[in-house]
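**Q** Here is a sequence with its predicted model. Questions after.
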Amino acid sequence: MEPYGEKTLFAEAFERVVHALPHQPEFRDVEIVGSSAHRGRQQTALHVTVDREGGVDVGTCERIARSINAALDAFPDPYTLEIESAGLDRPLTKPSDYERFSGRDVKIVTTLAIENAKTHRGKLDGVRGTNVILVREKGELPIPLAVVKSANLEYDVRADLQRAKQREKNR
């Protein structure tokens, strides 16, 4: 971490480079899900999580890493850089994610207990006002965005296999 919460010029440059990526023609279909810079004793660990429609392949991660490395080349600071796909259990990090992935299975962890639990699973039904709406067998559960600690898509392997089986059957 940065001492006293101050960002170094290097960390600020990293943030600018990462936030500019989706504005480059080569990466306009790439979404930056998250990024961080953590300063250690010997070097700074840079991390970027990306996503795009249809998923992210290794080649895309390599191109993003080359672009970031080239932009940070002017700095003498030693660093490690990790670029990763958001994956099948993609984190939901902003209100628009809750709308975009409406209808998908999710797991939401809250900072406060709601209905005597902090972990909630169900189908996402977007955002109403300041609440994320989760549909469960018991009905709708409004969860205030302010108490969401983490939220992730949940990938159901069985459902995916059933869909693949059905497609094969329909051929």
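**A** Okay, I see it. Residues are numbered from 1 along each chain as shown.
**Q** hmm, who's touching the strand or helix carrying Asn152?
**A** Assigned by DSSP states H and E, Asn152 belongs to strand 148-153. Strand 148-153 is contacted from outside by 88-92, 97-98, 101, 104-111, 118, 132, using C-beta atoms under 8 Å, 6 or more residues apart in numbering. From N, CA and C alone the C-beta is placed, and that goes for glycine too.
**Q** Could you verify my assumption that Lys118 touches Ile143?
**A** No. Between Lys118 and Ile143 there is no contact under C-beta atoms under 8 Å: 10.6 Å.
**Q** Quick one: the strands in the chain, in order.
**A** With DSSP state E as the criterion, the chain has strands at 31-39, 44-51, 79-85, 105-114, 117-128, 131-136, 139-144, 148-153.
**Q** Strand partners (parallel or antiparallel) of the second one?
**A** In other words, strand 44-51. In the sheet, strand 44-51 lines up against strand 31-39 (antiparallel), strand 79-85 (parallel) (DSSP bridges).
**Q** what does the average pLDDT come to for the first one?
**A** For strand 31-39, mean pLDDT rounds to 94.
**Q** Kindly report the same for stretch 67-76.
**A** The model assigns stretch 67-76 a mean pLDDT of 95.
**Q** Now do the buried residues in that stretch.
**A** 67-68, 71-72 (16 or more other C-beta atoms under 10 Å).
**Q** Can you add distance to Thr8 and give the residues you listed back as TSV?
**A** Shown next, in TSV, are the buried residues of stretch 67-76 (distance: C-beta to C-beta, whole Å):
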residue	distance to Thr8
Ser67	20
Ile68	16
Ala71	15
Leu72	12
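**Q** which ones among these are found in helices?
**A** 67-68, 71-72 (DSSP state H).
**Q** can you list the domains in this protein?
**A** 3-85, 95-156 (automatic domain parsing).
**Q** With respect to Arg163, which of those lies nearest?
**A** Of all these, it is domain 95-156 that lies closest to Arg163, at 9.8 Å by C-beta to C-beta.
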